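Q: Give me a model of this one.
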Amino acid sequence: MPWRRQTSVACPVLLNAGEQDMFVPPTLLTQSAAHIHGAESVIVDGAGHDLLRSHPDWLAQTVLDWLQRH
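A: Residues are numbered from 1 along each chain as shown. This next block holds a predicted model:
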């Protein structure tokens with residue numbers, strides 16, 4: 001995995017993925033977050049890739065809360 005580009009990110013980052021996400025598995029999400037200074041990652045129990053459809057209220061509130069902190 002080429003982490004070089006991720007280490008140059010200089011803004012706050014929130015990474016979200018479902019526990020059962022086939023496109024962005026939790027291990028990839030946490031590895032990516034580890035290479036971005038100050039990144040936050042959230043793994044959603046029981047969710048797949050489409051958090052916008054399966055957890056719309058949770059996702060909206062999570063993003064709003066995160067934006068308020070930044």
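
Q: Please save the CA atoms from the worst-scoring helix or strand of the chain on mean pLDDT in PDB.
A: Within the chain, no helix or strand scores below helix 26-34, which has a mean of 91 by mean pLDDT, DSSP states H and E. Once non-C-alpha atoms are left out, helix 26-34 reads as follows in PDB (Å, rounded to 0.1, in the frame of the first residue of the first chain):
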ATOM      1  CA  PRO A  26     -11.600  -2.200   8.800                       C
ATOM      2  CA  THR A  27      -7.900  -3.200   8.700                       C
ATOM      3  CA  LEU A  28      -7.400  -0.900   5.600                       C
ATOM      4  CA  LEU A  29      -9.200   1.900   7.300                       C
ATOM      5  CA  THR A  30      -7.200   1.700  10.500                       C
ATOM      6  CA  GLN A  31      -3.900   1.400   8.500                       C
ATOM      7  CA  SER A  32      -4.800   4.500   6.500                       C
ATOM      8  CA  ALA A  33      -5.700   6.400   9.600                       C
ATOM      9  CA  ALA A  34      -2.400   5.500  11.200                       C
END
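
Q: Can you give the contact residues for that helix?
A: Applying C-beta atoms under 8 Å, 6 or more residues apart in numbering, the external contacts of helix 26-34 come out as 1, 6, 13, 15-17, 19, 21, 39-41, 43. In this view, the C-beta of every residue, glycine as well, is placed from N, C-alpha and C.

Q: if you look at those residues, which of them are in strands?
A: Of the positions in those, 15-17, 40-41, 43 sit in strands, assigned by DSSP state E.

Q: Name the pair among these with the greatest separation in space.
A: Ala17 and Glu40 (12.3 Å; C-beta to C-beta).

Q: which of the two has more neighbours?
A: For Ala17 versus Glu40, neighbours defined as other C-beta atoms under 10 Å are more numerous around Ala17 (23 against 15).

Q: which stretches of this protein have low pLDDT?
A: Residue ranges of the chain with pLDDT under 70: 1-6.

Q: Would you format the contacts of helix 26-34 as CSV with distance to Val63 included?
A: Supplementary listing: the contacts of helix 26-34 in CSV, determined by distance: C-beta to C-beta, whole Å:
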residue, distance to Val63
Met1, 25
Gln6, 20
Val13, 12
Leu15, 12
Asn16, 8
Ala17, 14
Glu19, 19
Asp21, 17
Ala39, 14
Glu40, 11
Ser41, 14
Ile43, 16
